[in-house]
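J.: how would this look folded up:
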Amino acid sequence: MKKHNFYAGPSILSQYTIKNTADAVLNFAGTGLSILEVSHRGKEFQAVMDEAQALVKELLNVPEGYHVLFLGGGASLQFAMVPFNLLKTKAAYLDTGTWASNAIKEARLFGEVEVLASSKDANYTFYPTDYTVPADVDYFHITTNNTIYGTELREDPDVPVPMVADMSSDIFSRPIDVSKYDIIYAGAQKNLAPAGVTLVIVKESALGHVERAIPTMLDYRTHIKKGSMFNTPPVLPVYSALMTLRYYKEMGGVEALQKLDEEKAAMLYKAIDDSKMFEGTVTDKAHRSIMNVTFVMTEPYRELEKDFVDFCSARGIVGIKGHRSVGGFRASLYNALPVESVKALIDAMNEFEALHVK
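T.: Take a look at the predicted model:
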């Protein structure tokens, strides 16, 4: 049975990435060795790192003065690494969900944090827009897509201060004006690679302005100087990332991915909005995530949620159960998810509704 993978992360990868990574596990770059056992200092893996960095710059149109890093620790380490390197006195954050809240908590260990706006009181069902970024903060931090609650900011704000963004779950889903940011970071396990590597795009001129001593491993300048090779990098996820980046380029780049992602999301949101059994948790269409579609059953049918998950599972549709803090359902429509999987979910919704709604 074909599987339709809607997991939020680790999530679906393209067959191109999976097949080529599997081949490299058996024989990497004609060396007769597995990618799992080669030296990261060898010329074959250095070529992987170099090409991966170059493709990120090409696909996202990264300007001069920025560096592309592949680091460990996930986006959660970046919650601390960003303020460690940038926060001198005060930073501004938006509270748009669980991960934004965690980033705020870490930043407060390094200085004052002003939360400009929050949608917490509404269970994060909208993306705050009514705020003003003060000119006296060291940087402004946003989380562009909120995987748990299904909200997203699909534009690059204009602000009077340096900006930092956690783009873990929507990187490569739209063109980005990288020049508006000092740091962009993204855990790879959504739209890039298996868990274990984090993509960081950092503006070199933003660094070196804090007075505190920074541990070597937590200083971005260390990894810039060493080309993401200061210590042993997560070799396998970096290789998988390279395969994904090649695949994105073959597909036509970020613009083509954006068109496909918006098409998939529009199909599913229309099915939800037209349904008598299902309803979206994010009612304002301007705030709805293209990557993570969250929805529940309408009140008369709430007791059937588990039955619907089982109904989908029997049809090869997996990963749609909502986060425990929200309930209901979450369909993650990452770049590698084919349109046919969205159609399969919509068909299952329609079939289930026909069985129970008279």
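J.: The longest helix along the chain: which residues count as buried?
T.: For the chain, the helix reaching the highest residue count under DSSP state H is reported as helix 254-274. For helix 254-274, burial by neighbour count (16 or more other C-beta atoms under 10 Å) applies to 254, 257, 258, 260, 261, 264, 265, 267, 268, 269, 271, 272. In this view, the C-beta of every residue, glycine as well, is placed from N, C-alpha and C.
J.: Would you map the helices across this structure?
T.: Per DSSP H, the chain carries helices over the ranges 15-26, 43-59, 74-86, 98-107, 220-225, 235-251, 254-274, 305-313, 339-356.
J.: Go through the ones you listed and name the closest to residue 35.
T.: Residue 35 lies closest to helix 15-26 among these, at 4.2 Å (C-beta to C-beta).
J.: From the chain's centroid, how far away is the closest one?
T.: For helix 15-26, the separation from the chain centroid amounts to 22 Å (computed by C-alpha atoms, centre = their mean, to the nearest Å).
J.: Direction-wise, compare that helix with helix 235-251 and give the angle.
T.: Regarding helix 15-26 and helix 235-251, their directions subtend 140 degrees when assessed with axes from the mean of the first three to the mean of the last three C-alpha atoms, to 10 degrees.
J.: elements contacting helix 15-26?
T.: With contacts defined as 3 or more C-beta pairs under 8 Å, 6 or more residues apart in numbering; DSSP states H and E, the secondary structure elements packing on helix 15-26 are helix 235-251.
J.: chain center to the helix it packs on, what's the gap?
T.: Helix 235-251 has its C-alpha centroid displaced from the chain centroid by 15 Å (C-alpha atoms, centre = their mean).
J.: Please render the helices of the chain as CSV that adds mean pLDDT and distance to residue 113 to the earlier fields.
T.: As requested, the helices of the chain are exported to CSV (pLDDT from 0 to 100; distance: least, C-beta to C-beta, whole Å):
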stretch, mean pLDDT, distance to residue 113
helix 15-26, 98, 37
helix 43-59, 98, 29
helix 74-86, 98, 8
helix 98-107, 98, 5
helix 220-225, 98, 20
helix 235-251, 98, 31
helix 254-274, 98, 32
helix 305-313, 97, 37
helix 339-356, 98, 38
